[in-house]
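Colleague: for reference, the sequence and a predicted model appear below.
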Number of protein chains: 2
Amino acid sequence: MFSDDRPIYRQIRDRIIERILTVGDGAMLPSVRALAADAGVNPLTVAKAYQDLQSADLVRAKKGVGLFAADGAVKRLLNSEREAFLSEEWPRVKARINRLGLDVADLLADA
Amino acid sequence: MFSDDRPIYRQIRDRIIERILTVGDGAMLPSVRALAADAGVNPLTVAKAYQDLQSADLVRAKKGVGLFAADGAVKRLLNSEREAFLSEEWPRVKARINRLGLDVADLLADA
DNA sequence: TGCACTGTTCTATGCCGGCAGCACAGATGA
DNA sequence: TCATCTGTGCTGCCGGCATAGAACAGTGCA
């Protein structure tokens, strides 16, 4: 379910980010306990992921109600994630593709 | 120098793998202490990376002499790394590209 | 008023990663 | 022989990650 070489709470955070990009601003997000049960993980671990997202103003928490994608979250996520991907992940991936003797164009073609 | 969310010894291991793919079978690899000094890391951390590679028969150690890329290391690395990349990393990357609405042409452009 | 949900906080425990420091064993060359 | 390189092994220490278990505070609904 999870990669063994990245902290679970970060993988949970990434999963929530994907969800925000899908459901959009203002939408309700899965509760700490529900997500923990679904992922087979301790609720504290999920809470830590959500607190990261709250620190980044991507999620609003309403005590007793639930968690919600913040206003403008999608827009800011698209910007920051695009930036991070193009400047960090993609160069590394492209170098790896070349080193393994694979063809970038071929891989992108059947997308 | 290192990503903050993956163990350093794994990032060191990846770096050594890249080097093996470059220098080829039988070539001498940087010593534990030299690589540790170069990366600004504890020698034990580098040793752990090398021991991973020895367990996978990708590196041979000669006590008092040094570390060497094992016979057939390059071939086996190309196979296993390609396999791992295509079945795990690439699908994730491709999904990310689509989710972020990135243009394939842009990714190919700055090659 | 209860009940069931929500997020949040606390304590304690265990494991892993990384560090510092030191020591040992094998190989090499002056 | 001796100095110096090599890989390997140990101790202790610390912080981060993840867990279990319990508890507190706020909301909504019957």
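Modeller: Cool, got the structure. Not measured: the values here are computed from a predicted model.

Colleague: give me the element the most centrally placed residue in chain A is part of.
Modeller: Using C-alpha atoms, centre = their mean, the residue of chain A that lies closest to the mean C-alpha position is A:Asp14, 1.9 Å off. Using DSSP states H and E, A:Asp14 falls within helix A:8-23.

Colleague: quickly check: that helix near DNA strand C or not.
Modeller: No. Counting by C-beta under 7 Å from any atom of the strand, no contacts exist between helix A:8-23 and DNA strand C, the nearest distance being 10.9 Å. All C-beta atoms are positioned from the backbone trio N, CA, C, and that covers glycine.

Colleague: spell out whether the very next helix or strand once past that helix and DNA strand D are in contact.
Modeller: Towards the C-terminus, the helix or strand next in line after helix A:8-23, according to DSSP H and E, is strand A:28-29. No. Residues of strand A:28-29 are not located near DNA strand D by C-beta under 7 Å from any atom of the strand, the shortest gap being 11.8 Å.

Colleague: so what are the sheet partners of strand A:28-29 and their directions?
Modeller: In the sheet containing strand A:28-29, its partner strands are strand A:66-69 (antiparallel), by DSSP bridges.

Colleague: which non-adjacent residue is nearest A:Lys62?
Modeller: If you skip the residues right next to it in sequence, A:Lys62 has A:Phe68 as its closest partner in space, 6.9 Å away by C-beta to C-beta, 6 or more residues apart in numbering or on different chains.

Colleague: A:Gly72 too?
Modeller: A:Asp25 (6.5 Å).

Colleague: I'd like to know how many residues surround the one you found.
Modeller: 14 (other C-beta atoms under 10 Å in any protein chain shown).

Colleague: what's near enough to touch it?
Modeller: With C-beta atoms under 8 Å, 6 or more residues apart in numbering or on different chains as the criterion, the residues that contact A:Asp25 are A:69-74.

Colleague: could you flag which of these are buried?
Modeller: Neighbour counting with 16 or more other C-beta atoms under 10 Å in any protein chain shown marks A:69-70, A:73-74 as buried within the contacts of A:Asp25.

Colleague: of these, closest to A:Ala61?
Modeller: Here the nearest of those to A:Ala61, counting by C-beta to C-beta, is A:Ala70; it sits at 10.0 Å.
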